[in-house]
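Asker: sequence? don't have it. structure:
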C-alpha cells in the first residue's frame, strides 16, 4: 500500500498562502489543535457516550458534523507539520513500521480484544 500525504500538505500550504495569508505561529496552531480535538471529543461524547444533545439531531447530521470535526483536526495538524517541515508521508510510514514491529503479537494475545476471552 502506497501511503501519500504530500498532496494534502501541498494543498493546505497553497490554501494558507492564498486565503490565510500566513500560518499562525506554532503555539497558536497547537492551541487551535487542542480546541478542535475538544470539539471532536464533545461531539463523540454525545454520539457514542452518555451525554445528550441539547436539540434533536439526525444520524445524518451527526455523521456530517463528525466528519467535519475530524477534518478540522487533520487540517490544523497538517498546518503544524508544514510549519515544522515534517513530511507526513515519511513520518506516518515510520510510525506504522514502529507499531508493526512493536505490536506484532501484542494485540493478538490481548484477552480484551478476543471475543472468547482467550489469549491465543
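Answerer: It's in. In this text the structure is predicted, and so the values were computed from the model without any measurement. Residues are numbered from 1 along each chain as shown.

Asker: Next, residue 43: secondary structure please.
Answerer: helix (DSSP: H, G, I helix; E, B strand; the rest coil).

Asker: Tell me where this structure has helices.
Answerer: With DSSP state H as the definition, the chain shows helices at residue ranges 6-15, 26-47, 59-83, 88-102.

Asker: Redo those helices as a markdown table? Include mean neighbour count, distance to residue 114 and mean pLDDT.
Answerer: For every residue, glycine as well, the C-beta is placed using N, CA and C. A markdown table is the format used below for those (neighbours: other Cβ atoms under 10 Å; distance: least, Cβ to Cβ, whole Å; pLDDT from 0 to 100):
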| stretch | mean neighbour count | distance to residue 114 | mean pLDDT |
| --- | --- | --- | --- |
| helix 6-15 | 13 | 36 | 96 |
| helix 26-47 | 14 | 25 | 98 |
| helix 59-83 | 15 | 28 | 98 |
| helix 88-102 | 12 | 19 | 95 |
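
Asker: Make CSV from the ones you listed and add distance to residue 113 to it.
Answerer: Converted to CSV, the helices of the chain look like this (distance: least, Cβ to Cβ, whole Å):
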stretch, distance to residue 113
helix 6-15, 31
helix 26-47, 21
helix 59-83, 24
helix 88-102, 15
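
Asker: Residue 112: which of those helices is closest?
Answerer: helix 88-102 (17.8 Å; Cβ to Cβ).

Asker: Mind giving me the packing neighbours of that closest one?
Answerer: helix 6-15, helix 59-83 (3 or more Cβ pairs under 8 Å, 6 or more residues apart in numbering; DSSP states H and E).

Asker: now those in a markdown table, with distance to residue 102?
Answerer: Formatted as a markdown table, those follow (distance: least, Cβ to Cβ, whole Å):
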| stretch | distance to residue 102 |
| --- | --- |
| helix 6-15 | 26 |
| helix 59-83 | 23 |
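
Asker: before we move on, the earlier item: so which of the helices of the chain comes closest to residue 53?
Answerer: Comparing the helices of the chain by Cβ to Cβ, helix 26-47 comes nearest, at 5.2 Å.
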